[in-house]
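Peer 1: Sharing a sequence plus its predicted fold:
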Amino acid sequence: MKSAKLIVSTLALLLAANLMAQQAKISNWRPYGQEGINVFEAPKEADATFDGLKVRIGGSFTQQYQALEHSNNATYDTISYRGKPANANELYALAPGFNLASANLYIDAQLADGIRVALENYMSSRHHSEFWVKGGYIQIDKLPMFNNPEWFTKYLRVKIGHFQVNYGDQQFRRSDNGNTMYNPFVGNYIMDAFATEIGGEAYLFLPSGFMGMVGVTNGLIGGNIQDLTGDDPRAPSVYAKLAYDKQVSQDLRFRLSGSVYMNSGVSRNTLYAGDRAGSRFYMALEPAYYLPRGETAYIAADAAGLATSGRVSPGFSSEVTSFMINPFIKYKGLEVFGTFEQSKGMAYTDPKAEGAEKPDARTATQVAVEGIYRFLPNEQVFVGARYQQVSGELNARILENGAPKDLSVNRLEVSAGWFPIKNLLLKASYIDQKYNDFPSSNILSEGEFHGFMVEAALAF
C-alpha cells in the first residue's frame, strides 16, 4: 500500500511539473501521437537549439473491445483438474467483452544541447498489471562538453542504456502496450521481434538519406552478474542496420532497410519473446486449463498467465541469427510496407540427437505485406489490410520422421481508423488467423480464430 501511495504521489508531482512546463520541447525525439506515425529512427536534428534543462511527461492509453471466436480439431488429452478428468486440448470459453486497459508513462528530459534521456514505463498491461519499468536510455546527438564538433553534430549519434533494440523496421509500426498510435492494426506480427536489452548503439546519418547503425548488448532481457562459468553462457548480441530513406518528391517517399541480429550463446535470449506486456488477442486458441511452469497441478487459464495468444515464438532462446528486410513506399495517402524475415537458432533445452553436444538449429521464415490508404485533411482517416505468414520448424518437439515438422500460421487483418485529433485514435479490425499442419495431438490442430476488435487510444 505504501508503494502504491508513493507511486500515486510521484505521478501527481510529475503531472503538476508537466503542466507548469507546458510540454517542453525535446530534440531528436519521436512524438507519441499521430505526428510519430511513419517515423522510424528518431530524427537527427543538427540545428536544434538548447535553452536549459527541460522535462516532458507523456502518456499513452488504450482500451479494447474484443469479439473473437476460436475453434480447433485436437484429440482429447486427459488431465486432472481439481481431482476430476478434464481435456488439456479444450479451448478457453471466449465471449465478447472489454480487455484490461493498458497504459504507458513516459519521462523525457533534455539534459544538455543534443543530449536527452528517456524513461519508459508500463502502468498497466496484460502480463503485468502492476507499474513497472520497460527501460531507459541516454541519447547523444551533440558533444557540448567538446564544443559541439561539427562532424558529430551532423552525422553521428550514440545511444546507451536499457532499450528496445533497433532490429528491423516493423518494430516502429507495432503496438507497445498502451501506445497503439503507430500501428494501423490491432495485432502485432505473428513472430514478434521485440527485445529490451542493455548495451549501446552507434549511428551514422548521411545527407544522401543513408543511415547505418551497429549495436552491442548483453543479449538478455535484464542484467546478470552471477559467475556460473561453463553452465551459464553469456555471449553478447551483435546487430546492425543499413537503411536508405528519401523524400523523393513532395508526394513520394521511399525507404528500404536491412537488419541483422546475432547471438552465439546465451542463457535466455528473448528476441521473439521479449514483449512482457502481452498480445492483443486475449485467450485466442488458449486452453481452458494449463500447467504453470514449475507446477504439478493444472489451473484455470487466465489472460496474465497465458499472455502471448496469437503469437508464435520459435523458441530460439540460446542461439539465434536473424535478418529482416523492410521496404516502405508512401505516395500521397497510400502506404505499402513489407517484411521478409528469416531466423535460425535453437534452445539448449531442445531435443538433441544421441551423443550430440547440442541440438540442431531450426529455421523460421516470416513474410508480411500491408497496404494503408490515408485520406481527408491531415490524413485523419485510414483503411488498410495486412497479410502475413510464418512457416518453418517452429516447434522443436513437433516431429515428423524424427525431425522438427514444418508448420505454418497465417493471418489476414483488415482495419479502419479515425483520428478525431492528433492525440486520439479510434480503430476497428477484422482478424482471421489459421494454424496449419499441427498434429491432432496439439491444441493448435486445425486451429482458427476470427472476429472483430475495436480499439480506442490516446497518446501525448
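Peer 2: Perfect, I can see it now.

Peer 1: Ignoring the adjacent residues along the chain, who's closest to residue 164?
Peer 2: residue 196 (5.4 Å; Cβ to Cβ, 6 or more residues apart in numbering). Placement of C-beta: from N, CA and C, glycine included.

Peer 1: Tally up the residues packed near the one you found, please.
Peer 2: 23 (other Cβ atoms under 10 Å).

Peer 1: pretty sure it is in contact with residue 166, am I right?
Peer 2: No: the criterion here is Cβ atoms under 8 Å, and residue 196 misses it with residue 166 at 11.6 Å.

Peer 1: With adjacent residues omitted, what lies nearest to residue 72?
Peer 2: According to Cβ to Cβ, 6+ apart, the nearest residue to residue 72 is residue 447 (4.4 Å).

Peer 1: That neighbour touches residue 285, doesn't it?
Peer 2: Yes: counting by Cβ under 8 Å, residue 285 is a contact partner of residue 447 at 4.9 Å.

Peer 1: okay, and the common contacts of the two?
Peer 2: Common contacts of residue 447 and residue 285 (Cβ atoms under 8 Å, 6 or more residues apart in numbering): 70, 72, 435.

Peer 1: Need the pLDDT of residue 48.
Peer 2: pLDDT, residue 48: 87.

Peer 1: do the same with residue 58
Peer 2: For residue 58, the predicted pLDDT is 96.

Peer 1: Also residue 353?
Peer 2: pLDDT at residue 353 comes out at 87.

Peer 1: isn't it right up against residue 403?
Peer 2: No: between residue 353 and residue 403 there is no contact under Cβ under 8 Å: 10.0 Å.

Peer 1: List the buried residues of whichever strand or helix holds residue 202.
Peer 2: Using DSSP states H and E, residue 202 sits in strand 196-205. Residues of strand 196-205 classed as buried: 196-199, 201, 203, 205 (neighbour count, 16 or more other Cβ atoms under 10 Å).

Peer 1: Dump it to CSV, keeping only the CA atoms.
Peer 2: Extracted as CSV, the C-alpha positions of strand 196-205 are listed here (Å, rounded to 0.1, in the frame of the first residue of the first chain):
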residue,chain,number,x,y,z
THR,A,196,14.8,-4.8,-24.5
GLU,A,197,18.4,-5.3,-23.7
ILE,A,198,21.3,-3.5,-22.0
GLY,A,199,24.0,-2.0,-24.3
GLY,A,200,24.8,0.7,-26.8
GLU,A,201,24.2,1.7,-30.4
ALA,A,202,26.2,3.9,-32.7
TYR,A,203,24.6,5.6,-35.7
LEU,A,204,25.8,7.3,-38.9
PHE,A,205,23.4,9.7,-40.7
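
Peer 1: Parallel or antiparallel, list what pairs with that strand.
Peer 2: strand 156-164 (antiparallel), strand 210-217 (antiparallel) (DSSP bridges).

Peer 1: Adding mean pLDDT, distance to residue 108 and mean neighbour count, write those out as a markdown table.
Peer 2: Shown next, in a markdown table, are the strands paired with strand 196-205 (pLDDT from 0 to 100; distance: least, Cβ to Cβ, whole Å; neighbours: other Cβ atoms under 10 Å):
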| stretch | mean pLDDT | distance to residue 108 | mean neighbour count |
| --- | --- | --- | --- |
| strand 156-164 | 97 | 13 | 19 |
| strand 210-217 | 98 | 21 | 18 |
